[in-house]
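S.K.: Generate coordinates for the sequence data below:
(2 chains)
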Amino acid sequence: MVDVGKLAKLARIKLDSSESEKLQKEFEAILGYISKLDEADLSLPEDEKSVNIDGNKNVLREDEAVSGTEKYGEKMLESSVLKSGNHIKVKHVFD
Amino acid sequence: MCLIKNLTIKKAQELLLKKEISSAELVSACLENIKAKNKDINAYLEVFDGALAEAEKADKEIKAGKTKNKPLAGIPIAVKDNILVEGKVCSAGSKMLENYKATYDATVIKKLRDAGAVFIGRTNMDEFAMGASTENSAFDATKNPHDLSRVAGGSSGGSAAAVAMDGCLAALGSDTGGSIRQPAGFCGIVGLNPTYGAVSRSGLIAMASSFDQIGPMTKTAEDAEIIFNIIKGADPLDSTSSSTSTPDFYETKKVKTIGVLKYDKSGVDESVNNAVKESAEFLKSLGYEVKEIELPNIKYSVPCYYILVPAEASSNLARFDGIRYGLFKEGKNLTEDYMESRSAGFGREVRRRIMLGTYVLSAGYYDAYYAKAQRVRDLIKRDFRKIFLDTDAILSPTSPTPAFKIGEKTSDPLKMYLEDIFTAPAKIAGLPAISIPFGKTKEGLPLSVQLTAPRFGEDILFEISKKYDKRF
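M.R.: Numbers count the residues shown, from 1 in each chain, chains lettered A, B, ... in the order given. Okay, the predicted model is just below:
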C-alpha cells in the first residue's frame, strides 16, 4: 500500500484529499503493471557476462568555472521573483 | 497557401538559391497559415515577433552570395517549447515556466542559427514532455490537422501539427519515450529520434536525462537528414554527446537485411498491422532481404520505462522550487514556499510522475524497482545487440493505433502510457529510430511505420526511409 500523503511530502507537493484518493488508486494500478518486471529472467549466459553493452566511459574536465558571473549572472537574477539587489532572498531554512 | 504545402526544405533551398522565391515570402506564407489555422489547432504557443525581419536579413545575405556555409539560409523552423531560444519564453508547456525567459541558446538552436534558419515560433507540448497526446499542456491540447476531433500525439504534438498544417517547413521536437515519432506518425510527417548522444541536450529542459534526445520533424526523410547533419555532434556542454558516426556492429556499410518485429497483433489496430505488412512487401520489392525477428525482452520496455523515467524526472524536476526561476507562491516558511509553488506550478501528470519517481527511489523500494529496471534495461539492450549482429534495421509499428480522439485516454494514465509500447524499446536501448508516413486509414488518418537501427546508424535509417519519400 502506497502512503500517498508521505510521498507528497517527500516530493514537496501539496495535495488535496480528493487528488490523494485518486492518486492512491492510480498508483496501485501503475505499480501493479510495473510489477510485470518480476517475470523477467535476469540471469545472463556465461559468454554474455563480459560484454560491456554500452562502452561508456567517464567524461572529465578541470574543476573550474567555464562561464563567469558577468556573462549570465544578471540575466539569471532577472529570472527570480525573489531578486533583491544582486542576490536572491529566501526565508531562513530553520524555523 | 500552396507555397508551403508543396515545399520541402530541399526544394525551398533550391528555389531560394535560384532566387525564384524569397525567405520573406516563405515566412509570410507560414504566418498566414498560422493566422488561419492556429486558433483551431493550437500548434504554436507563440509566434516570434522578429521572424519576418530575420527572413528579410536572410534574403539580403542570399542576394549578396554570403550563404555558402548556411545550408538553411531563410528556412522557417519551429521549436518545441522545451528548447531554449535566448530571450524568448520557454515554458515546457507548464504554468511553472509560463514567464521564464531563456538566458542562452540551446546548442541545437545555435547550430541551426549558424546554418541560417529562421525561427518562427515555439510549439505546444505535454507539460515537461510528459504525455502522448499534448493534452497535458497547461495551455490546451493541440489538435490533429487531419481531424480536429483527434489528438496530434505527443509530447511534441505542437511541432508535428505545425509542420502538418504548413506553419513551417520543419520543426524540432524531443523524444524521451516516443515524443517525436508518435506525433509525427499521427500527423503524417517524418520524425527522427536520434541515437542517445548523437545530438547535444544542452539547453533542452530535462525530463529523463538518460533518455531525452532532440530530433527533427519534417515532411521527408531527406529533410530529416539535412537537419540531423546540422544539429549532430559532440558538445562540451553535454558530456553524453558524441561525434561517432560509425554504427555499432556494422562492418559492411551496405544495408541488406531488414528484420520485421514479431509482435502481438491482437492489441494493435488492423490498419496499423496492414501498414507494417505492406511496408515489409515494399522493402522486399526494393531488394532488401526481409525476415521476421524476435526481441523477447521488449515486452518489459514500458514497465521498465515507467520506473526509470519517473525516477529521473523526479530528481530533474526538484530544481523547480520557485526560488531561482519559475512560478513562486508564498507559504508560511521555506518548505511551504516549495510546496505551494510546486503545487501551483505543476499539472496532474507531472505531479503523478514526480511522486511515482520518488516512490521507486525511496529507501526499501529502490532494489525492487529502480535497480531491477536497470538490469532489465541491460537485457533489452542485449536483445537488440544480438539482432543487429546480422540485421541492419528493424521494421515495426510506430504506435498501436492511428490518432485517437481527444479525451479518449485522459482519464486512465496507464492507457496513455501504453501508447509508448513500440517507441519505448529504442529509448531503453539508446537507439536511433524514425517514423515514416505510410498511407492512410479509410477515414483519412495518417498511418506510419517505424525503423530502428544500431546506435549511430542514422545513415542506415536515412538510406532506407528516403526510398519511402519517393513512394509518395
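
S.K.: C-alpha only now, for contacts and for neighbours.
M.R.: Noted.

S.K.: what comes up buried for the longest helix along chain B?
M.R.: Counting residues, the longest helix found in chain B (DSSP state H) is helix B:23-41. Within helix B:23-41, the residues that count as buried by 16 or more other CA atoms under 10 Å in any protein chain shown are B:23-31, B:33-34, B:37-38, B:41.

S.K.: Now do the same contact list for the closest residue to B:I34 other than its chain neighbours.
M.R.: With CA to CA, 6 or more residues apart in numbering or on different chains as the criterion, B:I34 has its nearest non-adjacent residue at 5.4 Å, and that residue is B:G167. Contacts of B:G167 were listed using CA atoms under 8 Å, 6 or more residues apart in numbering or on different chains, and they are B:I4, B:C30, B:L31, B:N33, B:I34.

S.K.: Three-state assignment for the closest residue to the third one other than its chain neighbours, please.
M.R.: Just to be clear, that refers to B:L31. Leaving aside its chain neighbours, B:L31 sits nearest to B:G167 (6.7 Å; criterion: CA to CA, 6+ apart). Following DSSP: H, G, I helix; E, B strand; the rest coil, B:G167 is assigned to coil.

S.K.: picking that back up, could the contacts of B:G167 go into CSV alongside pLDDT?
M.R.: Below are the contacts of B:G167 laid out as CSV (pLDDT from 0 to 100):
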residue, pLDDT
B:I4, 93
B:C30, 98
B:L31, 98
B:N33, 97
B:I34, 98
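
S.K.: Enumerate every residue touching B:T410.
M.R.: B:E135, B:M416.

S.K.: Distance-wise, check B:I460 relative to chain A.
M.R.: From B:I460 across to chain A, the span is 20 Å (CA to the nearest CA, to the nearest Å).

S.K.: in its sheet, what does the strand or helix carrying B:V79 sit against?
M.R.: Using DSSP states H and E, B:V79 sits within strand B:76-80. Strand B:76-80 pairs in its sheet with strand B:118-123 (parallel), strand B:170-175 (parallel), by DSSP bridges.

S.K.: Let me know the distance separating B:K80 from B:G93.
M.R.: According to CA to CA, to the nearest Å, B:K80 and B:G93 sit 9 Å apart.

S.K.: and the spatially most central residue of chain A, what is it in contact with?
M.R.: Centroid-nearest residue in chain A, with CA atoms, centre = their mean: A:A11, separated by 9.2 Å. With contact taken as CA under 8 Å, 6+ apart, A:A11 is in contact with B:S314, B:A318, B:I354, B:M355, B:T358.

S.K.: What's the ChimeraX syntax to select whichever of the residues you listed are buried?
M.R.: Per 16+ other CA under 10 Å, the buried members of the contacts of A:A11 correspond to this ChimeraX selection:
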select /B:314,354,355,358
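
S.K.: any chance of the contacts of A:A11 in CSV, plus distance to chain A and pLDDT?
M.R.: Shown next, in CSV, are the contacts of A:A11 (distance: CA to the nearest CA, whole Å; pLDDT from 0 to 100):
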residue, distance to chain A, pLDDT
B:S314, 8, 97
B:A318, 8, 97
B:I354, 7, 97
B:M355, 6, 97
B:T358, 6, 96
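
S.K.: so where's the chain uncertain?
M.R.: Assuming you mean chain A. A:68-69 (pLDDT under 70).

S.K.: that's the wrong chain, I wanted chain B
M.R.: B:1-2, B:249-253, B:471-472.

S.K.: Tell me the residues on the stretch 151-300 of chain B that lie near chain A, please.
M.R.: When proximity is defined by CA under 8 Å from any CA of the partner chain, the stretch 151-300 of chain B lies next to chain A at B:S239, B:T240, B:N297, B:Y300.

S.K.: If we use 10 Å, what do you get?
M.R.: Taking CA under 10 Å from any CA of the partner chain, the part of the stretch 151-300 of chain B that reaches chain A is made up of B:P236, B:L237, B:D238, B:S239, B:T240, B:D248, B:P296, B:N297, B:K299, B:Y300.

S.K.: Of those, keep whichever come out buried.
M.R.: Buried, going by 16+ other CA under 10 Å: B:D238, B:S239, B:T240, B:D248, B:N297, B:K299, B:Y300, out of those.
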